[in-house]
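>>> With the input below, show me the fold.
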Amino acid sequence: MYIKTLTVSDINRYIKKTLDNDFILGNCSVKGEVSNFKFHSSGHMYFSLKDKFSKINCIMFKSSVERLNFMPGDGMKVIVKGRISLYEKEGVYQLYCSEMKPEGMGELYLAFEKLKIELEKKGLFDISHKKKIPIYAKKIGVITSPTGAAVKDIINVTRRRNKKIELLIYPSLVQGTGASDNIIKGIEAFNSMEDVELIIIARGGGSIEELWCFNDEKLAEVVYSSKKPIITGVGHEIDYTIVDFVSDMRAPTPSAAAEIGVFSLEEYVQKILNYKNKLYNSVKNTVNDKKNRLAFVKKTLEVNNPLTYIANEYENIDKIKESLDFKMKVTINEKKEKLGKINALLSAHNPLNILNKGYCIIEDEQKNVISSIEELNKKYKVDITMKDGTSKVELIHYKK
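This is a model prediction of the structure:
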């Protein structure tokens with residue numbers, strides 16, 4: 001008989017094809033205990049399922065992980081659905097998981113999911129309805145078991161963060177029959193107190209059965225209708241209940257709820273001191289800035305002071321005066337010199353000077369100069385001007 005020699009890749013590919021084509025292995029449901037659990041940064045989950053005798057490697061891709069409503073962990077018994085195939089590169093077969101649920105809790109989870117969908121449709125989870133958590137609540141109502149670890153954690157956190165905060169503890173059942181009604185009464189009681197600013201509903205971790213009272217529809221509606229903001233700190237980080245979706249804020253643990261609701265007195269005081277320093281520095285800088293601006297304005301005024309300007313102008317006036325005096329003297333001297341020349345010229349041509357030589361000027365009564373005998377013979381009264389004055393003379397004409 002002829003036997004064909006295959007490569008490793010050939011044989012792995014053949015085994016993978018065989019597994020993929022198997023009807024049962026292509027769509028199977030497997031239950032077992034989770035071990036070697038690893039939640040990769042890529043969003044994929046890697047783990048093994050085991051029982052008393054065997055184990056199988058499993059992988060759940062991110063797209064399937066996002067549909068989970070709980071976080072699996074080592075030791076947890078689960079039921080997974082998926083297909084079995086071969087990882088050719090390593091020659092290892094593994095279970096590729098598409099769904100997962102805790103074993104023995106299927107009915108509760110179905111009820112949880114059903115109620116969650118109904119309330120979400122009614123709008124009880126709407127973010128727009130959620131009330132703002134007060135930053136500086138002075139009085140906080142806490143609904144929890146008076147003997148559980150949750151109340152101790154909340155008290156310890158409150159004492160550490162702010163000893164001045166007043167906590168009102170409403171003792172309530174937090175599991176079992178009547179627990180939901182107890183919690184509702186606590187909410188109603190705190191809503192009737194005007195000075196209570198915030199309500200915390202808290203409980204430590206537990207199984208889904210132990211936390212089931214927090215999945216009550218009536219409780220969810222009361223939480224939704226509460227006039228006071230509510231923080232829920234129920235279970236551990238992986239535990240989600242209906243009231244977590246309805247409340248104004250969900251904390252992963254009771255301690256975290258107290259951390260959120262109770263403001264740190266030390267941080268508050270430090271914030272005030274920071275504001276004080278900031279205000280002081282702001283005022284100081286403003287005053288210094290105003291001082292510098294005032295000094296600048298003062299200096300500007302001093303430079304542009306009218307008195308300084310006037311004093312400077314006195315000097316300019318003196319200079320102008322000196323210049324004017326000089327110009328006037330020069331002008332006067334020039335005019336004097338010119339006038340002297342004109343005077344000398346006038347004196348040289350003055351007709352009166354000729355009188356000093358014995359000549360005279362004869363004028364009629366109308367001050368007309370008589371320059372001929374003919375004109376003189378026609379006049380009877382004349383003025384004769386000589387060097388020492390003028391004399392009026394009457395003429396007597398003789399006939400020849």
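>>> how about the strands of the stretch 201-350 of the chain, start to end?
Ranges of strands in the stretch 201-350 of the chain, per DSSP state E, counting those that start in this stretch, are 230-234, 249-250.
>>> Neighbouring strands of the shortest one in the sheet, and parallel or not?
Spelled out, that is strand 249-250. Strand pairing for strand 249-250, using DSSP bridges, gives strand 230-234 (parallel).
>>> So what touches the strand it pairs with?
With contacts defined as C-beta atoms under 8 Å, 6 or more residues apart in numbering, strand 230-234 is touched by 133, 150, 154, 187, 198-203, 211, 214, 223, 241, 243-244, 247-258, 260-261. For glycine as for every other residue, the C-beta is placed from the backbone atoms N, C-alpha and C.
>>> repeat that with 6 Å
Strand 230-234 is contacted from outside by 199-203, 214, 223, 241, 243-244, 247-251, 253-254, 256-257, 260-261, using C-beta atoms under 6 Å, 6 or more residues apart in numbering.
>>> Now mean neighbour count and mean pLDDT too, for the strands of the stretch 201-350 of the chain, in JSON lines please.
As requested, those are exported to JSON lines (neighbours: other C-beta atoms under 10 Å; pLDDT from 0 to 100):
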{"stretch": "strand 230-234", "mean neighbour count": "27", "mean pLDDT": "95"}
{"stretch": "strand 249-250", "mean neighbour count": "19", "mean pLDDT": "94"}
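>>> circling back to that earlier point, narrow the contacts of strand 230-234 to those in helices?
223, 243-244, 254, 256-257, 260-261 (DSSP state H).
>>> Farthest pair within those residues?
Largest separation among these by C-beta to C-beta: Val223 and Ala256, giving 18.1 Å.
>>> Below-threshold pLDDT in the stretch 51-200 of the chain: ranges please.
104-107 (pLDDT under 70).
>>> What segments of it are helices?
Taking DSSP state H, counting those that start in this stretch to define them, one finds helices in the stretch 51-200 of the chain at 62-65, 106-122, 149-161, 179-191.
>>> And the longest one, what's buried?
Think helix 106-122. 108, 112, 116, 119 (16 or more other C-beta atoms under 10 Å).
>>> rewinding a little: comparing Val223 and Ala256, which residue is more hemmed in?
For Val223 versus Ala256, neighbours defined as other C-beta atoms under 10 Å are more numerous around Val223 (25 against 17).
>>> What are the neighbouring residues in contact with the more buried one?
230, 243, 246-247.
>>> confidence score at the nearest residue to it once chain neighbours are set aside?
Leaving aside its chain neighbours, Val223 sits nearest to Val246 (4.7 Å; criterion: C-beta to C-beta, 6 or more residues apart in numbering). With respect to pLDDT, Val246 scores 96.
>>> My guess is Val246 contacts Lys122. True?
No. In this structure Val246 lies outside contact range of Lys122 using C-beta atoms under 6 Å: 10.2 Å.
>>> So what's the residue count around the residue lying closest to Ser64 once chain neighbours are set aside?
Leaving out its chain neighbours, the residue that sits closest to Ser64 by C-beta to C-beta, 6+ apart is Ser98, at 5.2 Å. Neighbourhood size, Ser98 [other C-beta under 10 Å]: 14.
>>> Would you mind measuring from Ser98 to Val92?
Between Ser98 and Val92 the computed distance is 19 Å (C-beta to C-beta, to the nearest Å).
>>> hmm, back to that, could I get the contacts of Val223 as TSV with distance to Gln175?
Output for these, formatted as TSV (distance: C-beta to C-beta, whole Å):
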residue	distance to Gln175
Ile230	19
Val243	13
Val246	19
Ser247	18
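>>> Which of those residues sits closest to Ser391?
Ile230 (143.7 Å).
>>> Who does the closest one form a beta bridge with?
Ile230 has these beta-bridge partners by DSSP bridges: Ile199.
>>> And the helices in the stretch 251-400 of the chain, which stretches?
Along the stretch 251-400 of the chain, counting by DSSP H, counting those that start in this stretch, helices occupy 254-261, 265-303, 306-349, 373-377.
>>> Just give the number of residues close to Asn274.
So Asn274, with other C-beta under 10 Å, has 10 neighbours.
>>> Please tell me how far it sits from Tyr280.
From Asn274 to Tyr280 the distance is 11 Å (C-beta to C-beta).
>>> ok, now Ile201?
Separation of Ile201 from Tyr280 (C-beta to C-beta) stands at 43 Å.
>>> try Asn215
The spacing between Asn215 and Tyr280, counted by C-beta to C-beta, is 54 Å.
>>> circling back: test my guess that the residue nearest to Ser64 contacts Gly82.
Yes. Assessed by C-beta under 6 Å, Ser98 is found in contact with Gly82 at 4.9 Å.
>>> What is the burial count for Glu197?
If you count neighbours by other C-beta under 10 Å, Glu197 ends up with 18.
>>> didn't it look like it was pressed against Pro134?
Yes. Here Glu197 reaches Pro134: they are 5.0 Å apart, a contact under C-beta under 6 Å.
>>> quick check, nearest of the ones in helices among the contacts of strand 230-234 to Val78?
Asp244 (22.0 Å).
>>> So for the closest one, what's the nearest residue that isn't a sequence neighbour?
Arg250 (4.2 Å).
>>> pretty sure the one you found is in contact with Ile242, am I right?
No. In this structure, Arg250 is not within contact of Ile242 by C-beta under 6 Å, at 11.0 Å.
>>> which neighbours do the two share?
Shared contacts of Arg250 and Ile242, counting by C-beta under 6 Å, 6+ apart, come down to nothing at all.
>>> what does the domain assignment say about this protein?
For the chain, automatic domain parsing gives the domain ranges 8-104, 110-126+134-263, 352-394.
>>> Please verify my assumption that Ala257 contacts Ile200.
Yes. Assessed by C-beta under 6 Å, Ala257 is found in contact with Ile200 at 5.0 Å.
>>> That's all I had, so thanks and see you.
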